[in-house]
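Here you go, sequence then predicted model.
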Amino acid sequence: MRGDGLSASLPVHPVPDMFSPVSAPAESIRELSWLVFGISAGILIVVVGVLAYCVIRFRERPGDDREPPQIYGSNQIELAWTLVPALIVVVLFLATARTINELELRQPPPGALKTTIVGHQWWWEIRYPDLGIVTANELHLPVAGEGKDRVAYLTLESADVIHSFWVPQLAGKTDVVPNRVNGMWVAPREAGTYLGQCAEYCGTQHAHMLLRVIVHPQADFDAWVAAQKRPEVVDAAVADGRAVFQATACVNCHTLGGTGARGTFGPDLTHLMSRETIGAGAAENTPENLRAWIVDPDHLKPGVLMPAMKLDRADIDKLTAYLLTLQ
């Protein structure tokens, strides 16, 4: 369920595929991968071919009990199996060094869209420092223009353990390490939704630490930004639910604009219903799943750090109704 309606018509790529890149860094990685695969395949063909030739050519034949010629060493063969591997290593080293140099961008260039992504157990906090926006588990980007000044620069940090940020169709994986700031850049050229996840084992729910990157045409991205900056409008019909939220432990872990909630342990809930999933991809963001999440998060995401709130049925209904208005 999406409140902004901006991604309904965007193509969704449900299978992360590094061989279908839509961004310059991923294209460079694919080209290097094909080179490595090609060289490896060539080596395999040569080795298997020589082995098959030797097995067939020099196999034992009936009635042939002669001792074969004894040959001790061959300068030509030894030179070949020394120089050829050395040449292969040099080629792979130069190709890898060139790719790493292309992907290296230590500082965001002027005009780049800056984002800060913080890995938590087990969800992603996403900040847009220049736009004043904080969201979770969904990275929204515009289609990139020409030149490196139109890229999206991602600053990667961790709040707890080592994670790894990887969206195969946009870029290679980059580790997210406590007390260290890493950076990477992407330049998506096609609108759509691209899936990624944490690529470094980080605990019980590592497999459900998913990520969505939603790439919009520029006009739609601007509309998304405007919607995220829109202040909360409290409907009188759900005022009781807002009161339940503010009276429970929710405020200790979550931030919610327009309220006194300033917690940072859990995701910012200000525009919760503009997101496609809850629990970092654990479940689709529907009224039914949202209510089930409030009742018992561990049922949808075993091991999740959010506790069951132990509210009575009436308060759960009120809280759910209020959260559903957070567009």
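On my side now, so go ahead. Residues are numbered from 1 along each chain as shown.

now the strands: where do they sit in the stretch 151-300 of the chain?
152-158, 163-166, 174-176, 182-186, 192-198, 210-216, 277-278, 283-284 (DSSP state E, counting those that start in this stretch).

Touching the third one from outside, list them.
When you say that, I think you mean strand 174-176. 117-119, 154, 156-158, 162-166, 182-184, 200 (C-beta atoms under 8 Å, 6 or more residues apart in numbering). In this view, the C-beta of every residue, glycine as well, is placed from N, C-alpha and C.

quick one: residue 226 from residue 274, how far?
12 Å (C-beta to C-beta, to the nearest Å).

Between the two, tell me which one has more neighbours.
residue 274 (22 against 10; other C-beta atoms under 10 Å).

quick one: which of the contacts of strand 174-176 is nearest residue 130?
Comparing those against residue 130 with C-beta to C-beta places residue 154 closest, at 13.4 Å.

Show me the helices in the chain, by range?
Using DSSP state H, the helices of the chain run over 24-57, 75-103, 218-229, 239-247, 250-253, 287-295, 297-300, 313-323.

a markdown table for those helices, including mean pLDDT?
Shown next, in a markdown table, are these (pLDDT from 0 to 100):
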| stretch | mean pLDDT |
| --- | --- |
| helix 24-57 | 93 |
| helix 75-103 | 90 |
| helix 218-229 | 91 |
| helix 239-247 | 85 |
| helix 250-253 | 84 |
| helix 287-295 | 90 |
| helix 297-300 | 88 |
| helix 313-323 | 87 |
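
how much space between the nearest residue to residue 272 once chain neighbours are set aside and residue 313?
Distances taken as C-beta to C-beta, 6 or more residues apart in numbering put residue 326 closest to residue 272, at 4.4 Å, once the chain neighbours are dropped. When distance is defined by C-beta to C-beta, residue 326 is 21 Å away from residue 313.

thinking again about what came up before, now, of the contacts of strand 174-176, which are buried?
Among the contacts of strand 174-176, those classed as buried by 16 or more other C-beta atoms under 10 Å are 117-119, 154, 156-158, 163-166, 182, 184, 200.

got those residues as TSV, with pLDDT and distance to residue 13 columns?
Output for those, formatted as TSV (pLDDT from 0 to 100; distance: C-beta to C-beta, whole Å):
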residue	pLDDT	distance to residue 13
117	95	20
118	96	25
119	94	22
154	93	19
156	95	22
157	95	27
158	95	27
163	96	22
164	95	20
165	95	17
166	94	14
182	92	25
184	90	19
200	93	22
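
for those residues, which one is nearest residue 322?
residue 118 (26.4 Å).

and the closest one, what are its bridge partners?
residue 125, residue 157 (DSSP bridges).

measure it to residue 212 for me?
Counting by C-beta to C-beta, the gap from residue 118 to residue 212 is 16 Å.

Kindly report the domain assignment for this protein.
24-103, 113-229, 236-323 (automatic domain parsing).

export these to a markdown table and tack on distance to residue 14?
Shown next, in a markdown table, are the domains of the chain (distance: least, C-beta to C-beta, whole Å):
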| stretch | distance to residue 14 |
| --- | --- |
| domain 24-103 | 17 |
| domain 113-229 | 7 |
| domain 236-323 | 12 |
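
Please identify the deepest-packed of those.
Stretch with highest mean neighbour count among the domains of the chain: domain 113-229 (a mean of 19; mean count of other C-beta atoms under 10 Å).

chain center to it, what's the gap?
Averaged C-alpha coordinates place domain 113-229 at 7 Å from its chain's average position (C-alpha atoms, centre = their mean, to the nearest Å).

and the end-to-end length of it?
17 Å (C-alpha to C-alpha, to the nearest Å).

Not counting its neighbours along the chain, what's nearest residue 130?
residue 114 is the one closest to residue 130 (C-beta to C-beta, 6+ apart), at 5.5 Å.

which ones are touching the one you found?
Counted by C-beta under 8 Å, 6+ apart, residue 114 has contacts 108, 128, 129, 130, 153, 155.

Out of the residues you listed, which is nearest to residue 84?
For the contacts of residue 114, the nearest to residue 84 is residue 153 (41.2 Å; C-beta to C-beta).

Just grab the bridge partners of the nearest residue to residue 119 once chain neighbours are set aside for me.
With C-beta to C-beta, 6+ apart as the criterion, residue 119 has its nearest non-adjacent residue at 3.4 Å, and that residue is residue 163. Following DSSP bridges, residue 163 is listed with bridge partners residue 176.

residues in contact with the residue lying closest to residue 19 once chain neighbours are set aside?
Of all residues not flanking residue 19 in the chain, residue 30 sits nearest, at 5.9 Å (C-beta to C-beta, 6+ apart). Contacts here follow C-beta under 8 Å, 6+ apart; on that basis residue 30 touches 18, 19, 21.

And residue 249, by the same measure?
Counted by C-beta under 8 Å, 6+ apart, residue 249 has contacts 307, 309.

Could you check how far it is from residue 167?
33 Å.
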